[in-house]
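**Q** sharing a model that was predicted from the sequence below.
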Amino acid sequence: MRKWWPLAAICLGTFMLLVDVTIVTVALPDIAADLGTTLSDVQWVVDIYALALASLLLGVGSRADRIGRRKVYLTGLIVFTAASVVCAVAPSAGVLIGARAVQGLGAAGMFGTTIALLGMHYSGRERGVAFAVWGATNSVAAAAGPLVGGLLTQYLDWRWIFFVNLPVCLIAVVMTLRSVREAKGLGRQRADVLGMVTFTVAGGALTFGLIRAHSDGWAAPFTLGLFAAAAVALTLFVVVETRHEHPILDLSLFRRPSFTGLMVGALFLQGAAFAYLLYESLWMQSVLGYEPVQAGLYILPMCASAFVASALTGRFGPWPPRVSIAGGLALIALGAGMQATLGAGSSGSSLVAGLVVSGLGVGLVTPSLSAAALATVPPERGGMAGGAVNTFRQLGFALGIAVFGVIFQWRIERVLRADGGVPDPHGTAVALSGGQARSVVAAWPEGGRAEMAHLVREAFASGLNAMLIAAAALGAVASLLVVATVRVPTAGAERRKPEAGTSPHEQETTADAAR
């Protein structure tokens, strides 16, 4: 059993950092009330963590290849724990948001090294099992976050969603020290600091611009400035990466169709499967009046089906990555589409069947995606590949929240304008998308509150439907792209056909990696 201790240590840290991506979604109303701020402001508690995690993963994965993956993983655990304590005692929204950004930094140190550490400790059939277990951990953590957050918020206090990280992290630190080996892939080359900075600025400015667009407007000077900054930073990133001797992301890898297809699949996966959960949670709490635990329970079936699918993948797989990844993304698309049937009289139970189907897709995609990413690069690029696939996943989540927020609010505003009885459709749509449905209804003249409550339910349902259709489209497009581009053999294959764009040395190295 000792051979599985590294897997347990890595999965424990992974579960903790991924739970924290979604654990606060059902606690946002309580956080806003306790800290005396608006719900739309404290939504940054979700976004800043996902954004910091996504923006820093590439740099962390590449840096870990040089200074040691175990060292970076442990450092990330310690930073994550310290930031969690600050989150738990935060006296204001500003302190909480800042601590969540630091928490994302620690999470990046952990998440950016997990795939490379697993690839280093396991091979052959055991690697397939390890990635299946790790994939199940990913799936369960992301889907279980709202339920865990609901339980802690309703029966203890929202601050316990951060306090609970402390004992789990300490156990993970001890297990890592006792079981995980150190490894370095590329020695102590010059760090690509400019690449890290430009990528972080590009991701941050783009996400922030999308968030501000649906509150300030697309033509607002500050919004346009953020988009311009993102474009400039992304251009600089490409220039820097093509000229740096040891870039954080070797752009030549994108000449390999399989690598490109996997990165697109990773980007669309998280957005199509999880980004809408924030808005469904707001709908159930602010419109339907559910308690946090009740809202979390309706999302639990997604968690269960994801776990079952990942377990089956480990037991009966591995299957060809193109089949499992494309099939899983197709199920995610189907599940989102099944949920897009909401109306003014719908309840949380209307989501369950679609969430189950989406969960099955997540359980199929997650372990296969990570293992396939490792198989497309030389072994010494394991940290870069792991950081890249996890970066695109979390970037997809952060951007998904922002993009879906734009779609959600746009559709709500259209419904309000069509009704004609709302004097300020835009302001009301902003308030509703910020989870202030009860305040909007309470502020309405008493004689028309019943009609306004019905209109709010209708508008919210319409906004969710539009967002879910967009999620379904993302999953479907990603599935088709994976079918068209990915040509990675089943884990354990002795040899594979080299891809276009690979040099003879790279072909030999990746053949060794497959073995």
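**A** Cool, got the structure.

**Q** and residue 306, how close does it get to residue 300?
**A** Separation of residue 306 from residue 300 (C-beta to C-beta, to the nearest Å): 11 Å. Placement of C-beta: from N, CA and C, glycine included.

**Q** counting contacts, what elements does the helix or strand that contains residue 417 pack onto?
**A** For residue 417, the enclosing helix or strand under DSSP states H and E is helix 382-419. For helix 382-419, the elements it packs on are helix 44-67, helix 93-121, helix 193-216, helix 257-274, helix 277-282, helix 352-375, helix 425-433, helix 449-485, judged by 3 or more C-beta pairs under 8 Å, 6 or more residues apart in numbering; DSSP states H and E.

**Q** same drill for residue 306 and residue 300, tell me which one is more crowded.
**A** Set side by side, residue 306 and residue 300 give different neighbour counts by other C-beta atoms under 10 Å, the larger being at residue 306 (32 against 17).

**Q** so where does that one fall, helix or strand?
**A** If you go by DSSP H and E, residue 306 is part of helix 292-316.

**Q** could you check how far the helix or strand that comes right after that helix is from the centre of its chain?
**A** Following helix 292-316 in sequence order, the next helix or strand is helix 321-339 (DSSP H and E). Its chain's average C-alpha position is 17 Å from that of helix 321-339, according to C-alpha atoms, centre = their mean, to the nearest Å.

**Q** now helix 321-339 and helix 292-316, what's the angle there?
**A** For helix 321-339 against helix 292-316, the angle by axes from the mean of the first three to the mean of the last three C-alpha atoms, to 10 degrees is 150 degrees.

**Q** just to revisit the earlier point, can you redo the helices and strands packed on helix 382-419 as CSV with distance to residue 129?
**A** Output for the helices and strands packed on helix 382-419, formatted as CSV (distance: least, C-beta to C-beta, whole Å):
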stretch, distance to residue 129
helix 44-67, 23
helix 93-121, 10
helix 193-216, 33
helix 257-274, 21
helix 277-282, 29
helix 352-375, 9
helix 425-433, 43
helix 449-485, 23
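
**Q** how about those, which one is nearest residue 163?
**A** Ranking those by proximity to residue 163 (C-beta to C-beta) places helix 93-121 first, at 12.9 Å.

**Q** quick one, the closest one and helix 382-419 angle?
**A** With the same axes, to 10 degrees applied, the angle from helix 93-121 to helix 382-419 works out at 140 degrees.

**Q** give the buried residues for the helix holding residue 306.
**A** Neighbour-count burial for helix 292-316 flags 292-311, 313-314 (criterion: 16 or more other C-beta atoms under 10 Å).

**Q** cool, and stretch 85-94?
**A** For stretch 85-94, by 16+ other C-beta under 10 Å, it's 85-88, 90, 93.

**Q** what's the closest of the residues you listed to residue 417?
**A** Of all the buried residues of stretch 85-94, residue 93 has the smallest distance to residue 417: 31.6 Å, by C-beta to C-beta.

**Q** so how far is residue 443 from the closest one?
**A** 23 Å.

**Q** end-to-end on stretch 249-267?
**A** From its first residue to its last, stretch 249-267 covers 16 Å (C-alpha to C-alpha, to the nearest Å).

**Q** ok, stretch 270-280 next?
**A** Terminal residues of stretch 270-280 are spaced 16 Å apart (C-alpha to C-alpha).

**Q** hmm, who's touching that stretch?
**A** 21-22, 25, 43, 46, 142-143, 146, 299, 329, 332-333, 336, 339, 351, 358, 361-362, 393-394, 396-397, 399-401, 403-405, 408, 433, 463-464, 467-468, 471-472, 474-475, 478 (C-beta atoms under 8 Å, 6 or more residues apart in numbering).

**Q** which of these are buried?
**A** The buried subset of those - by 16+ other C-beta under 10 Å - is 21-22, 25, 43, 46, 142-143, 146, 299, 329, 332-333, 336, 339, 351, 358, 361-362, 393-394, 396-397, 399-401, 403-405, 408, 433, 463-464, 467-468, 471-472, 474-475, 478.

**Q** now do the nearest residue to residue 247 once chain neighbours are set aside against residue 192, distance only.
**A** For residue 247, ignoring the flanking residues on the chain, the nearest one in space by C-beta to C-beta, 6 or more residues apart in numbering is residue 241 at 4.2 Å. Going from residue 241 to residue 192 by C-beta to C-beta gives 8 Å.

**Q** mind listing the shared neighbours of these two?
**A** Residues touching both residue 241 and residue 192 by C-beta under 8 Å, 6+ apart: 247-248.

**Q** what is the three-state secondary structure of residue 487?
**A** The local conformation at residue 487, judged by DSSP: H, G, I helix; E, B strand; the rest coil, is coil.

**Q** gap between it and residue 364?
**A** Taken as C-beta to C-beta, the span from residue 487 to residue 364 is 18 Å.

**Q** list the buried ones in stretch 218-236?
**A** 223, 226-227, 229-230, 233-234, 236.

**Q** residue ranges in the stretch 101-250 of the chain under the pLDDT threshold?
**A** Filtered on pLDDT under 70, the stretch 101-250 of the chain yields the residue ranges 123, 139, 142-143, 183-191, 214-215.

**Q** before we move on, back to that, quick check: angle from the helix holding residue 306 to helix 257-274?
**A** Going by the same axes, to 10 degrees, helix 292-316 makes 150 degrees with helix 257-274.

**Q** pLDDT of helix 292-316, averaged?
**A** Mean pLDDT, helix 292-316: 76.

**Q** residue 324: which of the buried residues of stretch 218-236 is nearest?
**A** Nearest member of the buried residues of stretch 218-236 to residue 324, counting by C-beta to C-beta, is residue 234, at 31.2 Å.

**Q** helix or strand for the closest one, just tell me which one.
**A** Here residue 234 is assigned to helix 221-243, by DSSP H and E.

**Q** show residues contacting that helix.
**A** Residues outside helix 221-243 that contact it (C-beta under 8 Å, 6+ apart) are 192, 194-195, 198-199, 201-203, 205-206, 208-209, 212-213, 216-218, 247-251.

**Q** in this structure, what residue sits furthest out from the centroid?
**A** Largest separation from the mean C-alpha position in the chain: residue 447, at 43.7 Å (C-alpha atoms, centre = their mean).

**Q** of all the helices and strands packed on helix 382-419, which lies closest to residue 166?
**A** Of all these, helix 93-121 sits nearest to residue 166, with 12.5 Å by C-beta to C-beta.

**Q** tilt between that closest one and helix 44-67?
**A** 40 degrees.
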